[in-house]
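Sequence and predicted model, in that order:
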Amino acid sequence: EQVTVFFVTTALFNLLVDERLGIFRYIRKVLFGGEQVSVEHSRQALAYASKDKIIHVYGPTETTVYATYYDIDRIEPTARTVPIGGPISHTAVYILDSGLKPVPIGIPGEIYIGGDGTARGYLNRLE
């Protein structure tokens, strides 16, 4: 059986780009995440993959693997990052200030994630 879809860590994605770039011609979908994204590795993979093949996913452990996704279909020449994208189904993502109020786009804040995939049991625990 030939692999057509796979989900790997960012480190493994980068290694595949460095060592086996040609595989991106034959893969239907690649999902990767877990670490900061290398714009250059993403750009190189895109040169071999067709549109809607490469998906960056983001999520802390408490969100059961990932909570957001971003279809990488192009990367601007001046890009320094790859977005984490928008929430998956049944998930809400907010950027809030220290008072738990939403911040405007472009203003730093903390990410808050809620929904069906969020682990329970952390609220009001001592650790």
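Received it, and whenever you're ready, just let me know what you need. Numbers count the residues shown, from 1 in each chain.

List of residues touching stretch 5-21?
23-24, 27-38, 41, 44-45, 48, 57 (CB atoms under 8 Å, 6 or more residues apart in numbering). The C-beta positions use only the backbone N, C-alpha and C, and glycine is treated the same way.

Under a three-state scheme, what state does the residue lying closest to residue 49 once chain neighbours are set aside occupy?
The shortest distance from residue 49 to any non-neighbouring residue, by CB to CB, 6 or more residues apart in numbering, is to residue 24 (4.3 Å). Assigned by DSSP: H, G, I helix; E, B strand; the rest coil, the conformation of residue 24 is helix.

Which pLDDT value does the model give residue 24?
Per-residue confidence (pLDDT) for residue 24: 91.

Run a quick neighbour tally on it.
Counted with other CB atoms under 10 Å, residues neighbouring residue 24 total 19.

Looks like it contacts residue 42 (just checking).
No: when contacts are counted by CB atoms under 8 Å, residue 24 is not listed as touching residue 42 (10.8 Å).

Now for these two: what residues contact both?
Residues touching both residue 24 and residue 42 (CB under 8 Å, 6+ apart) are residue 54.

what about the residue nearest to residue 61 when sequence neighbours are not counted, distance to residue 85?
Nearest residue to residue 61 in three dimensions, chain neighbours excluded: residue 119, at 7.8 Å (CB to CB, 6+ apart). Distance of residue 119 to residue 85, given as CB to CB, to the nearest Å: 21 Å.

Neighbour count: those two, which is higher?
Between residue 119 and residue 85, residue 85 has the larger neighbour count (other CB under 10 Å), namely 18 against 10.

returning to that earlier point: filter the contacts of stretch 5-21 down to the ones in strands?
Mapping these onto strands (DSSP state E) picks out 29-33, 57.

List buried members of the residues you listed by neighbour count.
30-33, 57 (16 or more other CB atoms under 10 Å).
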